[in-house]
Every structure is written in C-alpha cells, then in structure tokens.
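> Take this sequence and fold it.
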Amino acid sequence: MNKKKQLIIAGPCSISSKKELNETIKNIYSEIDFFRCGIWKARTNANHFKGIGNKGLKWLSEIEEKYRTPVAIEVGTPKHVEQALYHDLKVFWIGARTTVNPFYVQEICESIKGTDVEIWVKNPIHPDINLWIGAIERLKNTGIKKIKAIHRGFFCMKERKYRNSPKWNLIKVIKETFPELNLICDPSHISGDKKLIYSISKKAISLNFDGLMIETHANPENALSDAKQQINCNEFKELMRKI
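Numbering: from 1, shown residues only. From the prediction side, this is the model:
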C-alpha cells in the first residue's frame, strides 16, 4: 500500500445541534487535517432536513478557533459565500448538484473573486467529466489558487453495489488534466453504506489519491441526513489505524 501521508477530512454530513457538533469534533480533531460539515443541504425532497442554516456558522467559527482545525462547508450560492466569509470561514466545497450547472459555478466564482479562500470541487452527479473540468477551470480563471478535486462517485441506473459508481477510469483524466491539484476520494458518498468505506478507502489510496473525506458523526443513528453512510468517532479512529 502507498505509504504517503494522506490528507484526512472528516465530519458530519450535517449537524442539527451545537452539542452534536462539539461531541463530534472533540473526538476526532487530532486525527484530521480539515473538519467537514454541512450547514445548508440541497435536498431532493423539500420535506427533508435542509440543514441548520445560518446559526450554525457561528458554531463552526467557534470550533475552528478552539480546536485550531480548519472547517470546510458546502456552498451553493453567492449568499452562502457571503455569510460564511462574514464568520471568517474560508474553506468551501461545491457539491455535485452545483458543479453540474456552469451558471451556479460562475456566480460562486464572482462571489469569491479577490478573496483568499480554498475551494474543493466535487464531481457532477452524472459522469460528464467536462463539467468537472470546466468548474475547476472557472475557479482557476477567477484567480483562486487553492483548489482540490473531490471524487464522490457518479449516479448510474445500473449500479447495485454502491450508492454512486466510482468509475475509477475517469479519475485518470482529472489527474492528467490537473496534475498540480490534490485529488480527494469521498468513500462515504460512493458507498452509501459505512460497511464499504474501508475497502473504497483502500482502493483510493492504491490509486494514489491524495486524501480521503469521511463522513463521521458522534451519533450516526440519530443523524438527520445520510445516517447509513456515516461512521461514529470510534469507527473513524479504527479506520485511521487500519489505513
């Protein structure tokens, strides 16, 4: 297995309380490079939990300062960017539903132009590699220097084993197009089932990915989004030990 140091990103799909947030980060911060957390959730069903919203930004700003661990959140609109910057949060990712639309990506580019932020770009839902490349190029053209690509798998009607098909062959194109970028694997969204996270993580490391993004929650069984694919803090520590 490749022995290079992996970037480790972990945290809950979303949070529903300050207590839940603090319980999660206090147990994993020493093991991670970035803490990921959903504040606004782009849900297919309008009646599902849409995230804690703006009040969670203050909580995240507080834990970033307390634990000296950079916090990353998903942004889908220029308003999200504005509100996050107001709370001094500066690491954002663009989700699969946003990457798919060049209009959305361009609006976010305009909102971060001239700022010292870091942006991660998840692949689009469907396996259109040009949309992924195009989103990254828009950010580069805006002058953003700190960019990472996140592989979270692709929707496929025929997929049975995973929530999202990894389509590992497409990743070679991204690596060749942007050899200077860190390429991160998101086993949680590929698998859709925490039982598969180790095997996917191991595969990603064997393919020379630069890091992993693992959804981790203090109490996954009580999570209001993606409960099945999140691991608890002890499971996360065991995963880190194994890889």
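> so how far is stretch 165-174 off the chain centroid?
Relative to the mean C-alpha coordinate of its chain, stretch 165-174 is positioned 17 Å out (C-alpha atoms, centre = their mean, to the nearest Å).
> Go through that stretch and flag the buried ones.
Judged by neighbour count (16 or more other C-beta atoms under 10 Å), stretch 165-174 contains these buried residues: 165-167, 170-171, 174. Just so you know, the C-beta spots here come from the backbone N, C-alpha and C atoms, and that holds for glycine as well.
> Restricted to helices, list the residues you listed.
170-171, 174 (DSSP state H).
> Quick one: name whatever helix or strand follows the helix or strand containing I133.
Element membership for I133, per DSSP states H and E: helix 129-142. As assigned by DSSP H and E, the chain's next helix or strand after helix 129-142 is strand 146-151.
> Report the angle between that following strand and helix 129-142.
Here strand 146-151 points in a direction 170 degrees away from that of helix 129-142 (axes from the mean of the first three to the mean of the last three C-alpha atoms, to 10 degrees).
> helices and strands around strand 146-151, which ones?
Applying 3 or more C-beta pairs under 8 Å, 6 or more residues apart in numbering; DSSP states H and E, one finds that strand 146-151 makes contact with strand 118-122, helix 129-142, helix 168-177, strand 182-185.
> Who does that strand pair with, and is each partner parallel or antiparallel?
If you go by DSSP bridges, strand 146-151 pairs up with strand 118-122 (parallel), strand 182-185 (parallel).
> now the helix holding I133 against helix 168-177, angle please.
Comparing the axes of helix 129-142 and helix 168-177 via the same axes, to 10 degrees yields an angle of 30 degrees.
> Pull out the buried residues from helix 129-142.
Neighbour count says helix 129-142 has 129, 131-136, 138-140, 142 buried, by 16+ other C-beta under 10 Å.
> tell me the mean pLDDT over that helix?
For helix 129-142, the mean pLDDT works out to 97.
> Ok, stretch 169-187 next?
Mean pLDDT, computed over stretch 169-187, is 96.
> and Y29, how far is that from N219?
Using C-beta to C-beta, to the nearest Å, Y29 is found at 17 Å from N219.
> brain fart, K158
Distance from K158 to N219, by C-beta to C-beta: 34 Å.
> who's more crowded, those two?
Using other C-beta atoms under 10 Å as the criterion, K158 and N219 rank with N219 on top: 14 against 5.
> Run through the bridge partners of G11.
Bridge pairing for G11 - DSSP bridges - gives E215.
> In three-state terms, label the residue of the chain most remote from its centre for me.
Here the chain reaches farthest from its C-alpha mean at K158, the gap being 24.7 Å by C-alpha atoms, centre = their mean. Per DSSP: H, G, I helix; E, B strand; the rest coil, the local secondary structure of K158 is coil.
> next one: phi and psi at it?
Per-residue torsions, K158: phi -90, psi -10 (degrees, to the nearest 10).
> Do you know the pLDDT at it?
At K158, pLDDT is 83.
> How about the contacts made by it?
By C-beta atoms under 8 Å, 6 or more residues apart in numbering, the contact set of K158 is empty.
> any idea how far it lies from K167?
To K167, K158 is 12 Å away according to C-beta to C-beta.
> Burial check on E118, number of neighbours?
Taking other C-beta under 10 Å as the neighbour definition, E118 ends up with a count of 17.
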